[in-house]
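Chemist: please find the sequence and the predicted model below.
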Amino acid sequence: MGVDPSIRSRGRATHDVHISGGVIYDGFGGEPYMGDVVVDADRIGYVGPPVVLEARRTIDARGLAVSPGFINMLSQSQESLLIDGRAMSELVQGVTLQVTGEGDSMGPLTDSMAIRNQDRQANIRYPIHWRSLGGYLDFVERRGISVNIASMVGAATIRDYVLGESNIEPTGEQLAQMRTLVRQAMAEGALGVSSALIYAPGAYATTGELIALATEAARCGGIYITHLRSEGDNLLGALDEAIEISRLSGAPAEIYHFKVAGRTNWPKLTDAISKIEEARRQGLRITADMYPYTAGATGFDASMPHWVLDGGLEAWIARMKEPATRARLLREMRAPPAGFESALVASGPDGARLMAFKNDALKPLIGKTLAEVARSRGLSPEETVVDLVIEDGTRVGVAYTVMSEDNVRRQIGLPWMSFCSDERATSPGGVFLEFAQHPRAYGSFARILGRYVRDEGAATPADAIRRLTSLPADNLCLEGRGRLEAGAYADIVIFDPETIQDHATFDHAQRFATGVRHVLVNGAVALDDGSVTDVRAGRAIRGRCWANGGVARESGRDWDWRW
């Protein structure tokens, strides 16, 4: 076979990379086929039937799948990439883009916020030199990263900038300032505005406040993405709120790590799916993402009522030391009043596993359940939670087992579901050995393609790859990402569908997945025959408002939204 005319017309005698003889999954969900991919600089020059040509590097992909790089729709790598830019735990799974900023973002910051945030750092420590979200994106890119990174601007960060961490409602003037800050962050590259509505201070935002901020994101071509106000008892009402915010703001809405928490709530999945699909039939752009595990991971703040968290970490800890306040808190933790949903109640003490401490004296407790630690101290689980937060001076890292395996499997097949890790991308060494990680950091994407797609048939390979690639790219309106086509950025993963597998567990969380052979990021080989290279070709990926020179539209509906 001769050289394809589209290749010859580029006028290159020698191309950079020729991926030869692989099974092509282009990211759009169509039938795979055997073919080649040609890369020149940071772009794909050709995708199609096999071709004969000269290349500086030829990768033999016979018997392997070739697909766009995977997009992690909720990554917590904004800090870990500052310590280790290799992102090894996810790069070896084929992830080429980390999307960060769940409710909180790395900017904008006042000077006092930057000083406070630096003082609160636990195991991962770094200086905060920037003040804007754009400044952070520039900084992390200059540090050198193996994968791409993008960010939302956090609604809680915006609120903190203007109002602090207390439960107060903004005045009209303050809300106008918050809207301006969203516009500025969008002009600096944010992909949208995010909320995390079970955590203070984000939980203090009213629906009206969130509509105002989402409206500014929509005017700038961005999304509204949310950790719902409830994932359990009031899940359906929380979904109604997210859908209404999308309807009134004009912004597409995505549900972070979609789940139904608590055994008594598991049957609500059917109604939750129906709500989303009805909104989609009405023309709203509602989507979701998920990780493929029955346990989540967060902190003990998710097991306490919001009133005790008012004012931030230091005020929270001081309040818990007051005898009367402690007594009230323990009563409400044991018997939550209306409107308070506790992760600890959903999981039970045996289902709450301790993951991270700042205090070295407490680190031997990592890996134990709350029930075990409470018994060893001769205290109730609730008393133990309060004491551990006070002793550690942090929210403490905790994994809660709250979901149903049957629900996880069902969700994986939903056509509007993309995927995430909701974890840091790390490496098995250095500071990352000082705390435990959820196995989703090392396993989410391999687990989807191995266990759920190959072994259990929860989705077809082509559709799962579509929802790992072009679906999230299109939801975020990222030009040239998430697809194998001429002119697209050369973010590419080459893996063995027969052997791709996760190996991480809670007891051994830092075990690499296997089955991914090569990963290209912006045309550079970041993973070569299973080994991470020294190449740091990752970039900060910025949204449409930045690409449009920071110009907002009259309405979010003025944008050409993909669907």
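Modeler: Right, received. Where do you want to start?

Chemist: please enumerate residues in contact with the longest strand anywhere in the chain?
Modeler: Criterion DSSP state E: the longest strand present in the chain is strand 15-24. Outside of strand 15-24, the residues within contact range by Cβ atoms under 8 Å, 6 or more residues apart in numbering are 7, 32-41, 45, 47, 50-51, 53-67, 484, 490, 492, 494, 497, 520, 523, 525. Heads up, the C-betas are built off the backbone N, CA and C, glycines and all.

Chemist: need the buried ones from the residues you listed selected in PyMOL.
Modeler: Restricted to buried positions by 16 or more other Cβ atoms under 10 Å, the PyMOL selection for the contacts of strand 15-24 reads:
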select buried, resi 7+32+35+36+37+38+39+40+45+47+51+53+55+59+61+64+65+66+67+484+490+492+494+497+520+523+525
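
Chemist: which pLDDT value does the model give residue 6?
Modeler: Predicted confidence (pLDDT) for residue 6: 54.

Chemist: ah, wrong one, I meant residue 334
Modeler: Confidence score, pLDDT, at residue 334: 97.

Chemist: how about residue 76?
Modeler: For residue 76, the pLDDT comes out at 98.

Chemist: now swap in the one 4 residues further on and tell me
Modeler: If you check residue 80, the pLDDT there is 98.

Chemist: wait, it sits on residue 426?
Modeler: Yes: Residue 80 is within contact range of residue 426, at 5.2 Å (criterion: Cβ atoms under 8 Å).

Chemist: joint contacts of those two?
Modeler: 87, 432.

Chemist: and the longest strand of the chain, which strands flank it?
Modeler: According to DSSP bridges, strand 15-24 has the following sheet partners: strand 33-40 (antiparallel), strand 55-60 (parallel), strand 65-68 (parallel).

Chemist: how much space separates the most centrally placed residue in the chain from residue 423?
Modeler: In the chain, the residue lying closest to the centroid (Cα atoms, centre = their mean) is residue 74, at 0.7 Å. Per Cβ to Cβ, to the nearest Å, residue 74 is found 9 Å from residue 423.

Chemist: between those two, what contacts are shared?
Modeler: By Cβ under 8 Å, 6+ apart, the residues touching both residue 74 and residue 423 are residue 291.

Chemist: can you give me the end-to-end distance of stretch 499-512?
Modeler: For stretch 499-512, the separation between the terminal residues is 13 Å (Cα to Cα, to the nearest Å).

Chemist: who touches it?
Modeler: 88-89, 92, 295, 353, 367, 399, 426, 428, 432-433, 436-444, 446-447, 449-451, 454, 513-516.

Chemist: tell me which residues touch residue 481, please.
Modeler: Going by Cβ under 8 Å, 6+ apart, residue 481 touches 68, 71, 97, 473, 488-489, 491, 541.

Chemist: quick one: pLDDT of it?
Modeler: pLDDT, residue 481: 98.

Chemist: quick one: low-confidence ranges for the chain?
Modeler: Within the chain, the ranges that satisfy pLDDT under 70 run 1-11, 562-563.

Chemist: how's it carved up into domains?
Modeler: Domain assignment for the chain by automatic domain parsing gives 5-67+515-532, 70-294+403-468, 298-401.

Chemist: mind putting those domains into CSV with distance to residue 506?
Modeler: Compiled in CSV, these are given as follows (distance: least, Cβ to Cβ, whole Å):
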stretch, distance to residue 506
domain 5-67+515-532, 21
domain 70-294+403-468, 6
domain 298-401, 6
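
Chemist: which one of these is the most hemmed in?
Modeler: Of all the domains of the chain, domain 70-294+403-468 has the most neighbours on average by mean count of other Cβ atoms under 10 Å, namely a mean of 22.

Chemist: okay, and which of the contacts of stretch 499-512 map to helices?
Modeler: 88-89, 440-444, 446-447 (DSSP state H).

Chemist: about what we covered before: among the strands paired with strand 15-24, which comes closest to residue 236?
Modeler: Among these, strand 65-68 comes nearest to residue 236, with 34.4 Å by Cβ to Cβ.

Chemist: for residue 192, give me phi and psi.
Modeler: The phi/psi pair for residue 192 (degrees, to the nearest 10) reads phi 170, psi -170.

Chemist: so how far is residue 235 from the nearest residue to residue 227 once chain neighbours are set aside?
Modeler: Distances taken as Cβ to Cβ, 6 or more residues apart in numbering place residue 196 nearest to residue 227, at 4.0 Å, with adjacent residues excluded. With distances taken as Cβ to Cβ, residue 196 is found 16 Å from residue 235.

Chemist: and for residue 504?
Modeler: 28 Å.

Chemist: closest to residue 548 out of the ones in helices among the contacts of stretch 499-512?
Modeler: Nearest to residue 548 among the ones in helices among the contacts of stretch 499-512, with distances taken as Cβ to Cβ, is residue 444, at 32.7 Å.

Chemist: go ahead and confirm residue 154 touches residue 100.
Modeler: No: between residue 154 and residue 100 there is no contact under Cβ under 8 Å: 9.6 Å.

Chemist: residues in contact with the helix or strand residue 269 falls within?
Modeler: Using DSSP states H and E, residue 269 maps to helix 269-281. The contact list for helix 269-281, computed with Cβ under 8 Å, 6+ apart, reads 235-236, 239-240, 243, 246-247, 255, 258, 260, 286, 288, 404, 407, 410-411, 414, 416.

Chemist: repeat the analysis, applying 10 Å as the threshold.
Modeler: Identification of contacts with helix 269-281 by Cβ atoms under 10 Å, 6 or more residues apart in numbering yields 228, 231, 235-236, 238-240, 242-244, 246-247, 253, 255, 258-260, 265, 268, 284-288, 403-404, 406-408, 410-411, 414-417, 563.

Chemist: what of stretch 162-170?
Modeler: Outside stretch 162-170, the residues touching it (Cβ under 10 Å, 6+ apart) are 108, 110, 112-113, 116, 156, 158-160, 171, 173-178, 180-181, 200-201, 203-206, 208-209, 212, 306-307, 309-316.

Chemist: 7 Å instead, please
Modeler: Residues from elsewhere that reach stretch 162-170, judged by Cβ atoms under 7 Å, 6 or more residues apart in numbering: 174, 177-178, 200-201, 204, 206, 209, 310-312.

Chemist: with stretch 110-118 instead?
Modeler: 127-128, 131, 160-161.

Chemist: with only the CA atoms kept, save that stretch in PDB.
Modeler: Extracted in PDB, the C-alpha atoms of stretch 110-118 (Å, rounded to 0.1, in the frame of the first residue of the first chain):
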ATOM      1  CA  THR A 110      -6.500  37.000  48.700                       C
ATOM      2  CA  ASP A 111      -3.200  37.300  50.500                       C
ATOM      3  CA  SER A 112      -4.800  36.100  53.700                       C
ATOM      4  CA  MET A 113      -6.400  33.100  52.000                       C
ATOM      5  CA  ALA A 114      -3.000  32.100  50.600                       C
ATOM      6  CA  ILE A 115      -1.300  32.400  54.000                       C
ATOM      7  CA  ARG A 116      -4.100  30.400  55.700                       C
ATOM      8  CA  ASN A 117      -4.200  27.700  53.100                       C
ATOM      9  CA  GLN A 118      -0.400  27.300  53.300                       C
END
